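Novice: Curious how this folds, go ahead:
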Amino acid sequence: MNSDGALNDISYGVFVVTSAFEGKINGMIANSVFQVTAQPPKIAAAINKNSLSHEYILKSGRFCAQPLAEGTSLPFLGIFGFRTGRTFNKFEKVKYKLTQTGLPVVLENTLAALEVKVEQVIDLGTHSMFIGTVTDSEVLKDNIKPLTYDYYKCVLRGKTPRGATTFREDKEKKL
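Specialist: Predicted coordinates:
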């Protein structure tokens, strides 16, 4: 059985996932973020092990998931999706605020902020799945469509970064 076509039909949102450790902040684009329970509200996020965000989430036990608006530009997505926080200050020209626990909340192009305390980490090989309870949340913008991965790929013609859960080298060469 070939899963190529079937995997393309899975729907995803596009999020900025932020993290902090010892006063240092970082953020990245993630498409594998989803609600797993309602009571209590729990969120799961798959994060590449090579990312600085992974390191900060693992050490701090916290992250903030922020769904992006459909009108988000490719240059903005590039800041968080195609640059590493190890060599580039992603927040230098981006408006943000800090939560009470020190997590950055991006104020541009984000619809909401969901602060999560990690309770479980599952090793997925190249990624870790962080699962935790939403400890605080805030709606930043109302009545705006969230950015989906399908819209990003088909309308914006965005590419998939190598560390993404959906990256496939053979598919990226065709774009």
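Novice: all helices for the chain, in order.
Specialist: 4-8, 52-60, 74-81, 149-154, 169-172 (DSSP state H).
Novice: pLDDT of the first one, averaged?
Specialist: Average pLDDT, helix 4-8: 64.
Novice: Stretch 52-70 too?
Specialist: Mean predicted confidence for stretch 52-70 is 97.
Novice: all numbers from here: first residue = 4
Specialist: OK, 4 is where the count begins now, so the last one is stretch 55-73.
Novice: Can you give me the first-to-last residue distance of it?
Specialist: 26 Å (Cα to Cα, to the nearest Å).
Novice: got it, and stretch 24-38?
Specialist: Stretch 24-38 end-to-end distance (Cα to Cα) = 24 Å.
Novice: cool, stretch 12-27 as well?
Specialist: 37 Å.
Novice: One more: stretch 75-88?
Specialist: Span of stretch 75-88 from end to end, Cα to Cα: 20 Å.
Novice: just how off-centre is it within its chain?
Specialist: Its chain's C-alpha centre and that of stretch 75-88 lie 11 Å apart, by Cα atoms, centre = their mean, to the nearest Å.
Novice: before we move on, back to that, among the helices of the chain, which is the most enclosed?
Specialist: Burial of the helices of the chain is given as mean neighbour count (mean count of other Cβ atoms under 10 Å); helix 55-63 ranks first at a mean of 20. Where you see a C-beta, it was placed from the backbone N, CA and C, and this is true even at glycine.
Novice: Which residues does that one contact?
Specialist: 20-24, 27, 29-31, 50-51, 66, 87-89, 121, 124, 131, 133 (Cβ atoms under 8 Å, 6 or more residues apart in numbering).
Novice: buried subset of these?
Specialist: 20-24, 29-31, 50-51, 66, 88, 121, 124, 131, 133 (16 or more other Cβ atoms under 10 Å).
Novice: With that, I have no additional questions.
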